[in-house]
Structures are given as structure tokens and as C-alpha cells.
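1. what follows is a predicted protein model with its sequence.
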Amino acid sequence: MPSAWHEYKQIFLTDKRIESGVKFWHENEGALAYAHKVYGVPEEVIVAIIGVETYYGRITGKHRVIDALYTLAFEYPKRAKFFRSELKHYFRLCKEQGIDPLSLTGSYAGAMGLGQFMPSSYREYAVNFDGKDNIDIWNNRVDAIGSVANYFRRHGWKKNEPVITEVTKDSSYQFNTITDRENNLKPQLTLQEFSDKGIVTELTKSHANEKASLIALEEKSGYQYWLGLNNFYSITRYNHSHMYAMSVHLLSQEIKKQFTSKK
């Protein structure tokens with residue numbers, strides 16, 4: 001993956017992926033609306049996650065999950081403990097759901113379905129959202145949509161709250177320190193505390209007591225600075241990367257804009 005934001009975003013913020021997201025929303029409007037109602041997660045965010053993870057279900061991985069997990073559990077010492085745990089979860093979920101362990105496919109790391117859940121995440125967050133048979137996040141879009149929404153709610157998503165806000169740089173604050181560019185994902189200071197340092201946004205007054213983290217994104221012309229709030233942090237629980245979370249957020253906004261304009 002590219003290390004600079006201006007290169008990274010080109011992978012996900014494409015006209016084709018936006019158009020496909022709008023199509024996915026239209027095709028699954030009822031399930032997405034119900035997920036929003038039950039879990040409080042906006043439809044566009046659920047769509048964007050599935051769009052970034054698997055291109056709306058087109059690219060879910062062709063590796064047998066059992067092979068991927070076994071190989072990493074015993075041939076990759078650096079993360080052997082993690083993948084051995086995931087292998088145990090995999091056998092348990094197959095037993096619980098009555099699934100042949102040899103039948104499922106996923107990514108090279110064993111992530112599964114439209115939302116690319118690892119086995120432990122499947123067992124913890126996947127839901128039978130249509131009330132039929134087993135939990136199917138591979139072929140049942142309703143279950144996949146509900147499972148992604150449940151994942152976000154369980155990771156602290158706050159309904160109707162903002163995600164991220166752009167910084168207005170005050171001349172009294174220098175943004176060139178290493179600390180500022182570490183992109184500590186977990187919100188540390190309130191918007192008021194950032195304001196006291198000269199870091200101001202349009203949300204500073206209305207959300208003064210909300211905690212945020214300073215995010216630096218490298219554009220071609222230099223760094224762009226944002227404050228990521230609680231819901232931005234929730235997105236990073238899906239993938240611990242500020243560029244991933246920003247891609248999901250911006251993709252969701254573009255999909256929402258086009259979906260709304262075509263209604």
C-alpha cells in the first residue's frame with residue numbers, strides 16, 4: 001500500500017467504486033435502512049466499508065480459509081499466537097453454524113465474507129439479520145450488512161455525530177513536529193483543548209467537549225490536518241489506519257451525495 005495519502009486515496013476514491021456503491025445501496029435499500037434504524041450506523045458508512053473491503057462483494061478472496069489460517073498459524077512465527085487463536089475460532093464457528101470447514105474461502109489472512117471478518121469477529125459480531133437459517137456473510141447481503149453495522153455499534157459508533165473535521169491552522173501553532181504526525185488514532189484531547197493550542201475547526205464551538213485526535217494526511221502540496229472524533233476512531237477499529245478510515249469516510253460521503261441526487 002502507498003505510504004502517502006495522495007496515492008493511497010486513488011485506490012478507493014474512484015468514480016467506478018462510487019457508482020458501484022450507489023448501485024449497491026439501491027439494490028439493498030431496505031436492509032441498509034433497517035440496519036441504520038437498529039444500530040444507528042448510516043447507510044453510506046456500511047456501504048463504504050463493504051466497498052473498500054471487497055468491492056461490494058466482488059473480491060472476497062479465493063483462498064480456503066482453513067489453509068490460510070493453518071499456514072499463518074504455523075509458518076509465520078511473528079503472529080503465530082494470533083492466527084492459532086483465529087484457527088480455533090474458525091473450527092468453533094464451523095461447528096456452531098454447521099459449516100464444512102473445508103468449504104469456506106476468504107483472503108490470504110483468513111478474512112471472510114463481504115465485510116471481511118476474521119473468525120473471532122464473526123463469532124463476536126456477525127448477526128443473523130434476516131432471521132433465516134445460519135449467519136451467512138458470504139452470500140447473504142442482509143446478514144453482511146447487519147453484521148457490519150453491529151460491529152460499528154459494538155465499537156462505539158455514536159448516532160448522528162460527526163466523524164472528522166478539517167483544521168484551520170493558526171499561525172501560533174507549528175505543525176511540523178514528529179508528535180503531530182504520529183496520528184495517534186484514539187481521541188486524546190477535547191476540541192476546546194485543541195483550540196487552546198491554536199488548532200481550530202468549524203466544529204470547535206458546537207462540539208467543544210468532544211475528544212478528538214490530530215490526523216495528518218500527506219497531499220502533493222504538503223500536509224493537510226484534521227481532527228478525527230469518536231466515529232472516526234470507530235472506523236479505525238475495522239482497520240487500524242488513519243488513511244483507511246479517511247478513505248471509508250470520503251467514499252461514504254461521495255456515495256451519499258450521488259445516491260441522494262438520484263432519488
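-> Thanks, I have the structure now.

2. break down the stretch 51-200 of the chain into its strands, ranges please.
-> In the stretch 51-200 of the chain, the strands defined using DSSP state E, counting those that start in this stretch lie at 63-64, 105-106, 164-166, 168-169, 189-190, 199-200.

3. least confident of the ones you listed, on average?
-> Note on the strands of the stretch 51-200 of the chain: lowest mean pLDDT is at strand 168-169, with a mean of 74.

4. now the helices for the chain?
-> Applying DSSP state H to the chain gives helices spanning 5-12, 15-27, 29-39, 43-54, 65-75, 80-97, 119-125, 141-154, 191-196, 230-236, 242-261.

5. out of the strands of the stretch 51-200 of the chain, which is closest to Asn230?
-> strand 164-166 (10.3 Å; Cβ to Cβ). In short, each C-beta sits where N, CA and C put it, glycine included.

6. so where's the stretch 151-263 of the chain shaky on pLDDT?
-> Confidence mapping of the stretch 151-263 of the chain against pLDDT under 70 gives the ranges 169-183.

7. picking up where we left off before, may I see the strands of the stretch 51-200 of the chain organised as CSV, with mean neighbour count and distance to Met118 added?
-> Putting those into CSV (neighbours: other Cβ atoms under 10 Å; distance: least, Cβ to Cβ, whole Å) gives the following:
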stretch, mean neighbour count, distance to Met118
strand 63-64, 16, 13
strand 105-106, 21, 9
strand 164-166, 18, 26
strand 168-169, 14, 39
strand 189-190, 16, 32
strand 199-200, 20, 36
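
8. turn the ones you listed into JSON lines, including distance to Gln10.
-> Below are the strands of the stretch 51-200 of the chain laid out as JSON lines (distance: least, Cβ to Cβ, whole Å):
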{"stretch": "strand 63-64", "distance to Gln10": "26"}
{"stretch": "strand 105-106", "distance to Gln10": "26"}
{"stretch": "strand 164-166", "distance to Gln10": "19"}
{"stretch": "strand 168-169", "distance to Gln10": "25"}
{"stretch": "strand 189-190", "distance to Gln10": "31"}
{"stretch": "strand 199-200", "distance to Gln10": "28"}
